[in-house]
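Visitor: okay, sequence plus prediction incoming.
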Amino acid sequence: MTKMKETLFSKTKGLLLVHHLAPLIMGFMVLADAKVNEVSSFPNCRNGSAAFYVLGDSSVDCGDNTLFYPLIHSYLSLYSCNGSDGSTLIPHLLAEKMGMQNILPFYSQNGSINGIQRGLNFGSAHATIMNHGSQSYQSVNQQLRQVFDSLQLLQLQLSEDRALSFIKSSIFYLSFGKDDFIELLLQNASGTAKQISTDQEFAHILADQMIHVIRNLYAMNVRRIICMGILPLGCTPRVLLNQYNSTSQPHDDDDDVARGCVEEINAHVMEYNRELREQISELHVELPDAQLLFCDVYQGLSEIINNPQQYGFEDVKTACCGLGMYGAEVGCLSKDMACDKEASHVWWDLYNPTKAVNSLLADSAWSSNPLPICRPMNIQEFFTASV
């Protein structure tokens, strides 16, 4: 039995290595064949922005860009989105507004210059900032390495000046931290904040690491960065279920459950968002030629949860796709499990909003309507600003 396990592990490692290296190898095969003629114009160029690159966790990827997703995430949801990334998640809805459609997952492109120039999604469901020693295969550092390799290919195939101009004018979208908090909650039997309150600096450590990510991108000549905060995880169906189960005498009139949010957990998330926002503000002084934007999705989604009818929602607690109390005892294992009126729900599954919510948040980030969530400007202003 041990021998069989070792053989399986060895084969799996080889498969992972091949999958990771395939796009890069394909790119160098193009170079070996012949140097590609320089492209006369950037294929996705709109208003001076060359391309749109996405890095992140389950807030940017439905599993399309995650190796063996059904195997490593079966304990959560097999379908964390109702549809593909491009029709459901905030960065892809924003890309459509920018006129930059078809942002390919990193692993689906062939490593060609045209594939890279169209923009890529390096994000991976359940990717984390910290290495928790779990089944998370796509850390932020791995995504940074993929960005570095991709930009190296650009510099090899374009002239130095053109590559530099392309990189500096492109927009990089960062959305991390959500799955770090989820990972922490999963490690606690009750899922309440009492177990994580002993580590008061967790949010600060995550924010510090994200600032390192921004500095690393800056060192790669990236100058335009959108950084997203974390949504109110304390209001998600699975957290509400854990809160309900953790009380000695469970009842639906528990203060947190009645409000639809576990405030102690939200306090940790708000601390992360506050710390990240303030450190990004300080970076404007340190990196004066960088254009940095912070968007507070926590603020936007909290407003929706507190005033659901104003925004067209009826259910702020129950997952549309799931089973049991709050639709959170079993995750979304099949889209056939989904409710009939998804647009009336705030939550799609255990931890992820519905497309209706993401559309509202994308509209707000883009134009400050209906909610001003980005600072120091909205993304439309950021997009049209001179480079």
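Guide: That came through fine. Numbers count the residues shown, from 1 in each chain.
Visitor: can you tell me the helix or strand for the closest residue to Asn121 other than its chain neighbours?
Guide: By the measure of CB to CB, 6 or more residues apart in numbering, the closest residue to Asn121 outside its immediate chain neighbours is Val54, 4.3 Å from it. Placement of C-beta: from N, CA and C, glycine included. Using DSSP states H and E, Val54 falls within strand 52-56.
Visitor: I'd like the mean pLDDT over that strand, please.
Guide: Averaging pLDDT along strand 52-56 gives 97.
Visitor: how about that strand as PDB, C-alpha atoms only?
Guide: The C-alpha coordinates for strand 52-56 follow below in PDB (Å, rounded to 0.1, in the frame of the first residue of the first chain):
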ATOM      1  CA  PHE A  52      -5.700  43.600 -17.700                       C
ATOM      2  CA  TYR A  53      -4.000  41.100 -15.500                       C
ATOM      3  CA  VAL A  54      -5.800  39.400 -12.500                       C
ATOM      4  CA  LEU A  55      -4.200  37.900  -9.400                       C
ATOM      5  CA  GLY A  56      -6.300  36.500  -6.600                       C
END
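Visitor: where in this structure is pLDDT low?
Guide: Applying pLDDT under 70 to the chain flags the ranges 1-48, 66-76, 83-86, 132-137, 188-200, 248-259.
Visitor: recalculate using a threshold of 50.
Guide: Residue ranges of the chain with pLDDT under 50: 1-42, 45, 70-72, 74, 134, 136, 189-195, 197-198.
Visitor: can you give me the strands in it?
Guide: Here the chain has its strands, by DSSP state E, at 52-56, 104-105, 120-121, 171-175, 224-228, 291-295, 315-319, 345-347, 374-375.
Visitor: rebuild those strands as TSV, extending it with distance to Leu156 and mean neighbour count.
Guide: Converted to TSV, the strands of the chain look like this (distance: least, CB to CB, whole Å; neighbours: other CB atoms under 10 Å):
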stretch	distance to Leu156	mean neighbour count
strand 52-56	18	28
strand 104-105	20	20
strand 120-121	17	27
strand 171-175	20	25
strand 224-228	22	25
strand 291-295	26	22
strand 315-319	46	22
strand 345-347	45	26
strand 374-375	35	20
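Visitor: adding distance to Cys235, write the ones you listed out as CSV.
Guide: As requested, the strands of the chain are exported to CSV (distance: least, CB to CB, whole Å):
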stretch, distance to Cys235
strand 52-56, 20
strand 104-105, 29
strand 120-121, 26
strand 171-175, 18
strand 224-228, 17
strand 291-295, 18
strand 315-319, 7
strand 345-347, 8
strand 374-375, 21
